[in-house]
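> here's my sequence, what's the structure:
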Amino acid sequence: MLVDARTFRTSLPPLAVLRNSLHLGKVTLALCGASPEEIRIHEQLAPFVDNSHPADIEVMTEFVEGLQPRSTPCRFDSGAVWRVFSSSESLVFDFMSDVLGSHPYKRMVVNEDFSSVRLLLNRSVLAGHAPIFPLEYPADELLITNYLAKHSLGVEVHGCGLIDSIAGGQLFLGHSGAGKSTTTRMWQTARQPLVLSDDRLILRLDGGALRMFGTPWHGEAAFAEQGNAPLNRMFILQHGLSNRITRMPKPLAVGEVFARCFPPFHSAEGVEHTLEFISRMLDEVPCYEFQFVPNESAITAVLDFHD
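The predicted structure is shown next:
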């Protein structure tokens, strides 16, 4: 199933005639192009389409007949489908896949503050692979997380975030295999909270209060909601023989949260801003190590816990 989300004509930027905007973590990303094909949104992103906000990030999309591989050394290699290169006053993100050959199938040329993006789609490589979604993951995530880091506005973390009717906003941080999906399913069965995500959330400070925002980048349990809530507590998930919750000293908590977030490793400034934000948010919300057993007793331990 394809979703062609709402479009409307716009005079900005000048060359664009159509526009689709996503609102994620209080960041608005406007995808602009001359045809519906250039602003096509995948159904996974459809709940986050919102054309009511001014754009923080303007993305101009166009198809080109070919893209040549960069001849200069890359600045950072993700080890997956993208690499980033330096180019005068911009960054260049090239997306390549062995399945599609040795030439980039997509390129993003991004200005210094991540507010303006030229997104080039390689028609010769992508021919026969329709439908094409210009912001197909991980391009959407890269733009949002880099914008947050560049402007010291927030951080994306690896965790399960839920809103319980009694406990309020709870965040369970963990690496792959730490128990995020298990925790999500247990709470969903026992308490039926609103689950913003079972894998990736955006954290931002709002008037001194820390809020968590759902994202479309879900995990194994496939929970992804366009919503947000104040965050009361965060837990670092660890498998254990019994349920045990221990408050973490701030210096240790900064490192543990950083290890479970998505900083822009290609940018020393971005990494520094991410660490600074984590330090500020831990002044507002406590962080605990949570050794847990995978049954409903873990939920009771959280609900009954008072520091």
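> for G179, see how far away F258 is.
Distance, F258 to G179, by Cβ to Cβ, to the nearest Å: 20 Å. Backbone N, C-alpha and C define where each C-beta goes, glycine included.
> of these two, which one has the most company?
Between F258 and G179, counted using other Cβ atoms under 10 Å, the more crowded position is G179 (20 against 16).
> surely that one touches Q291?
No. Checked against Cβ atoms under 8 Å, the pair G179 and Q291 is beyond contact range at 10.4 Å.
> shared neighbours, the two?
Common neighbours of G179 and Q291, using Cβ atoms under 8 Å, 6 or more residues apart in numbering, are H239.
> what pairs with the residue nearest to Q170 when sequence neighbours are not counted across the strands?
Distances taken as Cβ to Cβ, 6 or more residues apart in numbering put L162 closest to Q170, at 5.7 Å, once the chain neighbours are dropped. For L162, the beta-bridge partners under DSSP bridges are Q170, V195.
> ok, L162 - contacts?
169-170, 184, 187, 193-196.
> what's the spacing between E284 and V17?
Remark: distance between E284 and V17 (Cβ to Cβ) = 44 Å.
> try P104
Distance, P104 to V17, using Cβ to Cβ: 26 Å.
> looking at the two, which is more packed in?
Taking other Cβ under 10 Å, P104 and V17 do not tie; P104 has more neighbours (25 against 16).
> show the contacting residues for the more buried one.
67, 69, 94-96, 122, 125.
> all the helices of the stretch 1-150 of the chain, residue numbers only.
Using DSSP state H, counting those that start in this stretch, the helices of the stretch 1-150 of the chain run over 123-126, 139-150.
> need the winner for burial among those.
Ranked by mean neighbour count under mean count of other Cβ atoms under 10 Å, the helices of the stretch 1-150 of the chain are led by helix 139-150, which reaches a mean of 23.
> touching that helix from outside, list them.
By Cβ under 8 Å, 6+ apart, the residues outside helix 139-150 that reach it are 22, 24-25, 27, 29, 45, 56-57, 59, 82, 93, 95, 106, 108, 110, 113-115, 117, 119, 135, 153-156, 200, 202, 204, 215-217, 262-264, 267, 269-271, 273-274.
> go with 6 Å
Contacts with helix 139-150, where a contact means Cβ atoms under 6 Å, 6 or more residues apart in numbering, come from 24, 27, 57, 113-114, 154, 156, 217, 262, 264, 270, 273-274.
> most neighbours out of those, which is it?
G154 (27 neighbours).
> beta-bridge partners for the residue nearest to that one when sequence neighbours are not counted, please?
Computed as Cβ to Cβ, 6+ apart, the closest residue to G154 that is not its neighbour in sequence is R204, at 3.8 Å. Note on R204: beta-bridge partners by DSSP bridges are G154, R211.
> counting neighbours, what do you get for R204?
If you count neighbours by other Cβ under 10 Å, R204 ends up with 20.
> ok, now how distant is it from G240?
R204 is 31 Å from G240, where distance means Cβ to Cβ.
> repeat for R123
Relative to G240, R123 is positioned 53 Å away (Cβ to Cβ).
> likewise for V59?
Applying Cβ to Cβ, the value for V59 to G240 is 44 Å.
> export the host helix or strand of L252 to PDB, keeping only CA atoms.
Assigned by DSSP states H and E, L252 falls within helix 250-258. Presented in PDB, the C-alpha positions along helix 250-258 are these (Å, rounded to 0.1, in the frame of the first residue of the first chain):
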ATOM      1  CA  LYS A 250      25.000  11.700  36.900                       C
ATOM      2  CA  PRO A 251      28.500  11.100  35.400                       C
ATOM      3  CA  LEU A 252      27.800   7.400  34.900                       C
ATOM      4  CA  ALA A 253      24.300   8.100  33.600                       C
ATOM      5  CA  VAL A 254      25.600  10.500  30.900                       C
ATOM      6  CA  GLY A 255      27.900   7.800  29.500                       C
ATOM      7  CA  GLU A 256      25.200   5.100  29.700                       C
ATOM      8  CA  VAL A 257      22.600   7.300  27.900                       C
ATOM      9  CA  PHE A 258      25.200   8.500  25.300                       C
END
